[in-house]
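**Q** Sequence and predicted structure, then a few things I'm wondering about:
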Amino acid sequence: MSGIARIQKNREDSRRPQQELTPSKEIWLKDGDQIFCTSVATGDENDTLLDDLYLYIFRVNNRWMNLIKDESVDDTNVPDDSRPAHKFAFWAYIHNIIHVQKRADDWEEIEGPSGKKMYRENINDFRILTLGFGRNDYVWSQLVEIYQDWGDLNKGVMRVKRTGTGAYDTSYSISPTPKHDEIPKEKIKEVKNLPEIKKYFLDRYSTPPEKQDVDSSKQDDTSLF
């Protein structure tokens, strides 16, 4: 195809709306952040609201790209030096996040330990927590320990905390809390509509890098670790 026909086709293609990505439901922590959440996943056998996955994370120009490793996904354009990170993810009802820095006007200032100023962001909705297993599975083991103590992951409020900013100094902790916050009754009915973890990641991160939308990743450098 050449001439007017080629140019006309290119113009029409450029005006077509880009494929819509599954809206992001993940939540990312920065240094010092603490999430207080109630897991929706139980951790029991056949629980599809918790799963593990392999995810390529790599830079294309000035953007970070995510691509799930799966036999149904074309990964031929992933850089040769990129290795998929093994992660686990689960759905949880996020009550709030406590931040050490104020980055939004609607975050409520509260007094933290030793009188330190902290800032509470109220979420009150379902989100996906995605974490690496950690060296020697130390992060995953904390979740397993809660499951063993409670019998199910959804029996109480957990705290997930991040410390550090880079690849070598960042650590995560998952711990049970004495809090008794519950998922509101009007929200519980939404649980049945939450997509399976694997389906969510396949829907959102199976687009080849060259076709990904500008908003395909909300991550910044610090959210990768």
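**A** That came through, no problem. Note that the coordinates shown come from a computational prediction; the quantities given were computed from them, not determined experimentally.
**Q** Quick one: low-confidence residue ranges for this protein.
**A** 1-22, 167, 208-225 (pLDDT under 70).
**Q** What segments of it are helices?
**A** In the chain, helices defined by DSSP state H lie at 3-15, 138-150, 185-188, 197-204, listed in chain order.
**Q** Does the third one pack against any helices or strands, and if so which?
**A** In this case it means helix 185-188. strand 117-132 (3 or more CB pairs under 8 Å, 6 or more residues apart in numbering; DSSP states H and E). (C-beta placed from N, C-alpha, C; glycine too.)
**Q** list the buried ones in the strand it packs on?
**A** 118-121, 123, 126-132 (16 or more other CB atoms under 10 Å).
**Q** again, but for stretch 181-198
**A** Within stretch 181-198, the residues scored as buried using 16+ other CB under 10 Å are 183, 194-195, 197.
**Q** Likewise for stretch 52-63?
**A** 53, 55-58.
**Q** Quick one: residues contacting Phe126.
**A** 25, 40, 91-94, 187, 190-191, 194 (CB atoms under 8 Å, 6 or more residues apart in numbering).
**Q** Distance check, it against Thr38.
**A** Separation of Phe126 from Thr38 (CB to CB, to the nearest Å) stands at 10 Å.
**Q** Quick check: neighbours shared by those two?
**A** 92-93.
**Q** so Ile197 touches Ala92, yeah?
**A** No: with contact defined as CB atoms under 8 Å, Ile197 does not reach Ala92; the gap is 11.4 Å.
**Q** center of this protein - which residue?
**A** Glu26 (3.2 Å; CA atoms, centre = their mean).
**Q** Skipping its backbone neighbours, what lies nearest that one in space?
**A** Ile128 (4.7 Å; CB to CB, 6 or more residues apart in numbering).
**Q** Please name the residues that touch that neighbour.
**A** With CB under 8 Å, 6+ apart, Ile128 has these contacts: 25-27, 89-92, 197, 200.
**Q** Buried ones only from these, please, as a ChimeraX command.
**A** Selection of buried members from the contacts of Ile128 for ChimeraX, criterion 16+ other CB under 10 Å:
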select :26,27,89,90,91,92,197,200
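**Q** so what's Lys179 up against?
**A** For Lys179, the contacting residues are 36, 95, 156-157, by CB under 8 Å, 6+ apart.
**Q** Okay then, goodbye and thanks.
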